[in-house]
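[1] My questions concern the predicted model and sequence given below.
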Amino acid sequence: MLSCSDFKWPTRLCLLCVVLVLMTTPLVSSFCPSMCQCDDGLLETSCQSSRLDSVPILLNPALRTLRLGHNRIASLRQSVSFYTELRWLDLSHNSLHSLGVMHFQSLQALEWLNISSNLISTLETQSFSGLYNVAVLDLSGNRLTRLTSGLFSEMGSLTTLVLSGNKIQSIDADAFDLLRHLHTLRLDDNNIQHVPVASMTAISNLYNLHLGKNLIETIDDLALESLSKLRVLRINDNAISRIESLAFTNLANLELLDLSFNRLDSGPIKALHTLSALRHLDLSGNIWRQLPAAFLRGLHQLETLNISYMEYLRWVHPDALRMANGTGEAALTHLIMTNNALWSRLPVRLLDDLPRLQRIDLSGNAFETLAKPQRFDQWSLKYLNVAYNPLECNCSLVWLWKLYHNESSDLVVVNVTCSAPQQSNGRQLSHLKEHELLCTLAMSTGALVALLVTLWLVFTAAAVALVLYYRKNKKLVVSSYGTSPILTKHGSPNSGGVHYYPPARDEYTYHCAGSIKRIPVTVV
């Protein structure tokens, strides 16, 4: 479809020609390009994937919706300004390198503008001039590197600004000034190295902030202090290794926090303790080696917790998920702890303080056995998944086997493939007979060594006890027959005249020369 720029006519002359054509020809589908779908009743036209090189100018000028995505449009010069009644304009997936200046000036009724997935690297101060009523602006998937002052100064009605998938490194302090109605800001998948504290001050009504897939390493104290109304904060897929204890101060309304796939690795995050309204938390993909007691203390409103894909996690304290303060009950209903390849043991008490659990996913860990949780029968559980663990199907899994065969239960249990013993390897747990779930005497190398050491200690102790007992009895025998070195008929030389009369039998005694002789002892 031709545009005014193809004829190189003055703009006014071109517009006059268009008006004359429209006056002399009925507004029917003949003005709709062959690759487009036009609906003059609904005032909608879709030219998606129509191989257009420019914006068609002979469409119904009263259009409310115009979709031009997935074409080859490279310029907006003397084109979109014809459609002054537009409410919805889609220019995504084209070849725009620039938006120019004031090309949207006449589109003052526009409410939704999508210019994503183009080749735009810079924006002029007046690129969005006239767009007073636009509520949603999507600039994702372009090549922007900086957000300068005044870019959005005429867009006071903006509620959603999407800048994902660019190369933004810097944001001017007043880049978002006058955007007092903005509630969603997406800056994910850029090259931002620090939380843009200064520029956040002007958007205090923000509800949703996305900073994922950037280069942020730390979250400093009071970094988000001005965002007191924030409800959703996603800072996933960064390089965060430190979160200061006051980083989340003033975020009393935050309900969802995504810190997944960062480099957090030590102890509880003290900053979390201030988030009393938090309901959903994702800590997956970090590098904790162990989760200590009271790891999530104070998060008594938390409903969903995801601690998955921790490649170094080996140990979890039995009280790590104790969240409630005092005697209050934790609100957790969804627990996801999957694909922690080195985590080999589920602590028996880990789930005791979570009476409201409805969904548990423990798949893809390294559990070889799985004891029945102590309060399992008290839960209103709806879903349980412990698949893809190297489980030994023996008597420790009888409780799980019974769940598969409980037809009266509404609980969904994902089937388990046995890894041991050998006769059950590769078989589904639910397909086994109950009598096949036997516990053998087989034990690991470590358990065998421990048993041998214990037995050695027992035998050593017994031997020592016997030696001591023998020596004690020997002393008693010697003391009962006297202690004189030479026994004589008249008693020992030091007996003081007291005669000793042993039994009338031969006895052994020590001679003064040190040899032992048998001497007769006669009863007097």
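    Nice, thanks for sending it over.

[2] In the stretch 251-400 of the chain, what residue spans correspond to strands?
    Under the criterion DSSP state E, counting those that start in this stretch, the stretch 251-400 of the chain carries strands at the ranges 256-258, 280-282, 290-291, 304-306, 315-316, 334-336, 359-361, 383-385.

[3] With distance to Ala465 as added columns, please give those in a markdown table.
    Every residue, glycine included, has its C-beta placed from N, CA and C. Rendered in a markdown table, the data for the strands of the stretch 251-400 of the chain read as follows (distance: least, C-beta to C-beta, whole Å):
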| stretch | distance to Ala465 |
| --- | --- |
| strand 256-258 | 62 |
| strand 280-282 | 57 |
| strand 290-291 | 42 |
| strand 304-306 | 54 |
| strand 315-316 | 39 |
| strand 334-336 | 52 |
| strand 359-361 | 51 |
| strand 383-385 | 52 |
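
[4] Spatially nearest residue to Trp379 (excluding sequence neighbours)?
    Using C-beta to C-beta, 6 or more residues apart in numbering and skipping the chain neighbours, the partner closest in space to Trp379 is Leu357 (5.1 Å).

[5] What's the separation between that neighbour and Leu370?
    When C-beta to C-beta, to the nearest Å is applied, the distance between Leu357 and Leu370 equals 16 Å.

[6] Compare the two and say which is more crowded by neighbours.
    Legend: neighbour count by other C-beta atoms under 10 Å for Leu357 and Leu370, higher for Leu357 (22 against 19).

[7] Look up how far Ser116 lies from that one.
    The span separating Leu357 from Ser116 equals 40 Å under the rule C-beta to C-beta.

[8] Could I get the phi/psi values of Thr454?
    Note on Thr454: its backbone torsions stand at phi -60, psi -50 [degrees, to the nearest 10].

[9] contacting residues for the nearest residue to Ala135 once chain neighbours are set aside?
    Take Ala135 and drop its neighbours on the chain: the residue closest to it by C-beta to C-beta, 6+ apart is Thr159, 4.8 Å away. Contacts were defined as C-beta atoms under 8 Å, 6 or more residues apart in numbering; by that measure Thr159 touches Ala135, Val136, His181, Leu182, His183, Thr184.

[10] Just the buried subset of those, please.
    Of the members of the contacts of Thr159, the ones counted as buried by neighbours, 16 or more other C-beta atoms under 10 Å, are Val136, Leu182, His183, Thr184.

[11] contacting residues for the last one?
    Under the criterion of C-beta under 8 Å, 6+ apart, the contact list for Thr184 reads Thr159, Thr160, Leu161, Val162, Leu206, Tyr207, Asn208.

[12] Just the ones in strands from those, please.
    For the contacts of Thr184, membership in strands holds for Thr160, Leu161, Val162, Asn208, with DSSP state E as the criterion.

[13] could you dump the residues you listed to JSON lines with neighbour count and distance to Gln193?
    Listed next are the ones in strands among the contacts of Thr184 as JSON lines, based on neighbours: other C-beta atoms under 10 Å; distance: C-beta to C-beta, whole Å:
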{"residue": "Thr160", "neighbour count": "17", "distance to Gln193": "25"}
{"residue": "Leu161", "neighbour count": "22", "distance to Gln193": "20"}
{"residue": "Val162", "neighbour count": "19", "distance to Gln193": "21"}
{"residue": "Asn208", "neighbour count": "16", "distance to Gln193": "22"}
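
[14] and which of these is nearest to Val416?
    Using C-beta to C-beta, the shortest approach to Val416 within the ones in strands among the contacts of Thr184 belongs to Asn208, at 38.8 Å.

[15] For the nearest residue to His334 once chain neighbours are set aside, give the beta-bridge partners.
    If you skip the residues right next to it in sequence, His334 has Thr304 as its closest partner in space, 4.3 Å away by C-beta to C-beta, 6+ apart. Beta bridges link Thr304 to His280, His334 when assigned by DSSP bridges.

[16] Touching, Thr304 and His280? I think so.
    Yes: Thr304 lies in contact with His280 (C-beta atoms under 8 Å); the separation is 4.4 Å.
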